[in-house]
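> just need the structure, nothing else, for what follows:
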Amino acid sequence: MLSRAQASLPGARRAVVIGAGSFGSAIAVLLARAGVRTTLQTRTERQAAELNESRVNEAYLSGVELPASLRIEAVSSGVSRADFVFLAVPSTSLAAAIAGLQNAGLGHRAAVVSLSKGLVPPDGEAPTTALRARFGAHRVACIGGPAHAQEMVHAGAGLVAAAFDEALAEALAGIFNRAGVVCELSNDPIGVELAGVAKNAAALAAGATEAQGLNAAGAAAGHIFAEVWRFAEAAGARPESFIGLAGAGDLVATALAPMSRNRRAGELLAEGVAPAEIQARVAQAVEALQSVPLLAHSIERAGFSAPVTGGLSRLIDGRLPLAGWVALVRATVPPRARWHRSRGFWQRLRERLTRRSRGAPRAS
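So this is what the prediction gives:
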């Protein structure tokens, strides 16, 4: 018997990618290469016309020719014929994108896939949590992992397709595998998303601390990963999502990338540049600038200690000076480990005798 997700994945695949930034454009290229009838939707009619004319997204994916089979149109064209809708918009715009999908003609069987590595304001929800509330768990998925856009279209990547429904995860992984990209399957969307959020926050923290030394930068990133993991574990996330492609793998790719947006934003933050100006200088969305304050608030609300994540949030909004941030990173000690001491011979014997005496009948 087919699951609801299997029934919603007809043989003729059609996909719409909403958002023509670097990652959205790269995903659209891969989908088209995999033989999926794909449409890349831009914010405006003018942007769509320019891309149709040049067939290169020079602003965000320079030098990559867009496949002839890739259709390009404005987001106002709707999604009524899509089997898959990929949301390649900043997490701050995700709520509006979700609200607009039904007005855009989203089919009741179409799968909705988040490409965001941020949190949804105002409550700091993971994207698939917000999507699941609107569309149901069986239609919702996310993509994570190290996926530098330029390299992805030229040399491949290691992606993670995470979904609550196994058939949906398999369908997505199959598409990317056909495009020449290794794609891991995961049933832990929340873990994959929070690992991506932790990665961005850690990259920002490392960039903000690197001038003070590599040890400080490493400590900042390590503290944040550990703080977010404790929070994610309580939400049901699994360790492998953080130590695998979606977490540690993505962090290494971001740390090594010469033009990493989040790391560069951290460096500018350390120079005293205001967040609004950082966005303008980087010329693309810097997810961590918006997601870190939401993350710190969510962790605190859940009752967990996260001094470094909270300190990074205060550094972003100007409440904590750089010297205070660095001092906090260097002085923070993680929670004490729990030792599970084995019981010695005499303790075991005493417990055995105690149990016997309690169970022995009383003398008359």
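> can you read off the backbone torsions of residue 111?
Dihedral angles of residue 111 (phi, psi; degrees, to the nearest 10) stand at phi -90, psi 140.
> quick check: beta-bridge partners of it?
Beta bridges link residue 111 to residue 84 when assigned by DSSP bridges.
> check what pLDDT it gets.
Residue 111 is assigned 97 on the pLDDT scale.
> just residue 243 next, same as before
Looking at residue 243, its pLDDT is 92.
> neighbours of it, how many?
Residue 243 sits with 14 neighbouring residues when counted by other CB atoms under 10 Å. C-beta: built from backbone N, CA, C; applies to glycine.
> next one: the one 5 residues further on
One way to gauge burial is a neighbour count; for residue 248, by other CB under 10 Å, it gives 17.
> nearest residue to it in space, please, no chain neighbours.
Spatial nearest neighbour of residue 248, chain neighbours left out: residue 242 (6.9 Å); criterion: CB to CB, 6 or more residues apart in numbering.
> give me the number of residues near residue 346?
Residue 346: 8 neighbours (other CB under 10 Å).
> show me the contacts for it.
With contacts defined as CB atoms under 8 Å, 6 or more residues apart in numbering, residue 346 has no neighbours.
> residue 72 falls within a strand, correct?
Yes - assessed by DSSP: H, G, I helix; E, B strand; the rest coil, residue 72 belongs to a strand.
> contact partners for the nearest residue to residue 75 once chain neighbours are set aside?
Nearest non-adjacent residue to residue 75, counting by CB to CB, 6+ apart: residue 41, 4.3 Å away. The neighbours of residue 41, taking CB under 8 Å, 6+ apart as the test, are 16, 17, 18, 19, 20, 48, 72, 73, 74, 75, 77.
> how does it look with 7 Å?
Contacts for residue 41 (CB atoms under 7 Å, 6 or more residues apart in numbering) come out as 16, 17, 18, 73, 74, 75, 77.
> ok, residue 20 next?
Contacts for residue 20 were tallied using CB under 7 Å, 6+ apart; they are 40, 42, 47, 51, 57, 60.
> follow-up on the earlier one: how about the residue nearest to residue 75: which residues does it bridge to?
Here residue 41 sits in beta bridges with residue 18, residue 73, as judged by DSSP bridges.
> got any ranges where this protein has weak pLDDT?
Within the chain, the segments meeting pLDDT under 70 span 1-12, 340-343, 345, 357-364.
> which residues does the residue nearest to residue 248 contact?
Taking CB under 7 Å, 6+ apart, one finds 191, 195, 225, 229, 248 in contact with residue 242.
> what about the strands in the stretch 151-300 of the chain?
158-163, 182-186 (DSSP state E, counting those that start in this stretch).
> tell me the strands beside the shortest one, with direction?
Its sheet considered, strand 182-186 pairs with strand 158-163 (parallel) by DSSP bridges.
> contacts for the partner strand, please.
Applying CB under 7 Å, 6+ apart, the contact partners of strand 158-163 are 140-147, 169, 172-173, 176, 181-186, 188-189, 192, 245-246, 249.
> over to stretch 306-324?
Stretch 306-324 has contacts (CB under 7 Å, 6+ apart) with 201, 204-205, 208, 220, 223-224, 227-228, 269-270, 275, 289, 292-293, 295-296, 299-300, 325, 328-329, 332.
> quick one: buried residues of that stretch?
Residues 306-316, 320, 322 are the ones in stretch 306-324 that count as buried (16 or more other CB atoms under 10 Å).
> between those residues, which is closest to residue 66?
Ranked by distance to residue 66 (CB to CB), these are led by residue 316 at 35.3 Å.
> quick one: the closest one from residue 37, how far?
Residue 316 sits 41 Å away from residue 37, going by CB to CB, to the nearest Å.
> quick one: residues contacting the residue nearest to residue 173 when sequence neighbours are not counted.
Leaving aside its chain neighbours, residue 173 sits nearest to residue 183 (4.1 Å; criterion: CB to CB, 6+ apart). Contacts for residue 183 (CB under 7 Å, 6+ apart) come out as 159, 161, 173, 176, 177.
> could you redo the last one with a cut-off of 8 Å?
Counted by CB under 8 Å, 6+ apart, residue 183 has contacts 158, 159, 160, 161, 172, 173, 176, 177.
> same thing with residue 127?
Counting by CB under 8 Å, 6+ apart, residue 127 has contacts 87, 91, 94, 114, 116, 118, 119, 120, 142, 193.
> what is the most widely separated pair among these?
Among those, 87 and 119 lie farthest apart (CB to CB), at 14.0 Å.
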